[in-house]
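Asks: Coordinates only, no sequence provided:
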């Protein structure tokens, strides 16, 4: 069995092959894989860490793998936990606050080129 570490070409995603990037303020991200059409990332938050309100042209979906988050999308805030998910349309303002330490699995389409630089 062949295992490659190139997130652009491998169809199989191996968390252990992706490295964490420290974004500061209690937030870390790893890029799990991407193609021309989509990107999958994992983002870890310490308790109290904030993913500030922002927008981007990418559509985004997320699943909460662990923890509890206050998720705000287009001015509406919901408290969400493990197994819950959300979808953010292109250019809609959104952000999160980690009520408990936790991890999000984010999927973007198209890929976030700004994450690759």
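Replies: Thanks, I have it. This one's a predicted model, so the numbers in the text were calculated from it and none came from an experiment. Numbers count the residues shown, from 1 in each chain.
Asks: Residue ranges in the protein under the pLDDT threshold?
Replies: 1-9 (pLDDT under 70).
Asks: All the helices of this protein, residue numbers only.
Replies: 113-116 (DSSP state H).
Asks: What segments of it are strands?
Replies: Assigned by DSSP state E, the chain shows strands spanning 21-24, 27-34, 39-45, 50-54, 59-66, 68-73, 76-81, 85-88, 94-98, 102-109.
Asks: The spatially most central residue of the chain: what's it in contact with?
Replies: In the chain, the residue lying closest to the centroid (C-alpha atoms, centre = their mean) is residue 106, at 3.2 Å. By C-beta atoms under 8 Å, 6 or more residues apart in numbering, the residues touching residue 106 are 40, 41, 42, 43, 60, 61, 62. For glycine as for every other residue, the C-beta is placed from the backbone atoms N, C-alpha and C.
Asks: let's see it at 10 Å
Replies: Residue 106 sits next to 29, 32, 39-43, 51, 58, 60-63, 88, 112, 115 when contact means C-beta atoms under 10 Å, 6 or more residues apart in numbering.
Asks: I would like a PyMOL command selecting only the buried ones among these, please.
Replies: Per 16 or more other C-beta atoms under 10 Å, the buried members of these correspond to this PyMOL selection:
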select buried, resi 29+32+39+40+41+42+43+51+58+60+62+88+112
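Asks: from the contacts of residue 106, which single one is nearest residue 99?
Replies: Using C-beta to C-beta, residue 51 is the member of these that lies nearest residue 99, at 12.5 Å.
Asks: Show the contacting residues for the closest one.
Replies: Residue 51 neighbours (C-beta under 10 Å, 6+ apart): 23, 25, 27, 43, 45, 69, 71-72, 94-98, 104, 106.
Asks: Kindly recompute the last result at 6 Å.
Replies: Neighbour list for residue 51: 95, 96 [criterion: C-beta atoms under 6 Å, 6 or more residues apart in numbering].
Asks: Next: the one 4 residues further on.
Replies: For residue 55, the set of contacting residues under the criterion of C-beta under 6 Å, 6+ apart consists of 91, 93.
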